[in-house]
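J.: any chance you can model this:
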Amino acid sequence: MKRAHLVVLAAALVLGAGLLAPPAAALTVFDPSNYAENLVQSARALEQIGNQIRSLQNEATMLQNMALNLQPLTTSPVGGMTAALQRIGGLMQQAEGIAYQAGATETAIQQHYSDQTDRPATTASAVTEASARWGQAMDSYRDTLRLQTQVVENVAADGGTLGQVMASSQGAAGSLQAQQATNQLLALCLKQQLQIQTLMAAQDRAQTLALARRDQEEADARAATARFLGSGHAYSQN
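T.: The predicted structure is shown next:
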């Protein structure tokens, strides 16, 4: 009797185990090929994200460089250079004697450096003319000295301006600042050339007036001698 019960119980356990076991289709199976494909897709996705991040970083760098290239210089010596040239121009306009104007120069030439036929006949008028020419020559030399002094002062100031421009050029943050520094350096060179040309014009003017005065006085002396001697008939013998 006990043995029959055991047999029945064993059969029941076997039957129950068969009923509780899951079907073959429901079992979890590891697929290596599918796993590898998922890894590849994940790596590609990470690579795309990295490329997008690098692209955004490059765009940010490009925008920063554009901002630097468009950033202007904070200081400019152009105003000081313009003021220096204006001071030289003021000295030229204040020139005494014969002014630096075509009309005034022509009038002075006709008045004090006319042809022999128009020279003054009296001694007093000749002395007046000579004194006027002497005054014009002295005034031109004085003007040249004043101009030389101003140019020397400007050149001394140009040393500081050059240092400022060079510092701006070396510390330029972008292309715009570098170009502006280059333009400032060219402006400084042009300013110095204008100063030299103006000074040369003043010196040539003074020398020209001195030579013209000497030549005119020699011509007047010959004319006065000729008038004193006359035609020479008074000293001829019959």
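
J.: what about residue 216, helix or strand, and which?
T.: If you go by DSSP states H and E, residue 216 is part of helix 175-229.

J.: what packs against that helix?
T.: Contacts defined by 3 or more C-beta pairs under 8 Å, 6 or more residues apart in numbering; DSSP states H and E place helix 175-229 against helix 78-93, helix 123-170. C-beta: built from backbone N, CA, C; applies to glycine.

J.: figure out which of those is closest to residue 66.
T.: helix 123-170 (20.3 Å; C-beta to C-beta).

J.: angle of the closest one against helix 78-93?
T.: Angle of helix 123-170 versus helix 78-93, following axes from the mean of the first three to the mean of the last three C-alpha atoms, to 10 degrees, is 170 degrees.

J.: any idea of the angle helix 123-170 forms with helix 175-229?
T.: 170 degrees.

J.: and helix 123-170, how far from the chain's centre?
T.: On the basis of C-alpha atoms, centre = their mean, to the nearest Å, helix 123-170 sits 26 Å off its chain's mean C-alpha point.

J.: please apply the same query to stretch 94-113.
T.: Put simply, stretch 94-113 sits 37 Å off its chain's centre (C-alpha atoms, centre = their mean).

J.: just the endpoints, please. Distance across it?
T.: Using C-alpha to C-alpha, to the nearest Å, the end-to-end distance of stretch 94-113 comes out at 23 Å.

J.: any weak-confidence spans in the protein?
T.: For the chain, the stretches with pLDDT under 70 are 1-30, 96-99, 102, 114-122, 230-238.

J.: so how far is residue 59 from the residue nearest in space to the middle of it?
T.: Closest residue to the average C-alpha location of the chain: residue 183 at 1.6 Å, with C-alpha atoms, centre = their mean. As for residue 183, its distance to residue 59 is 31 Å (criterion: C-beta to C-beta, to the nearest Å).
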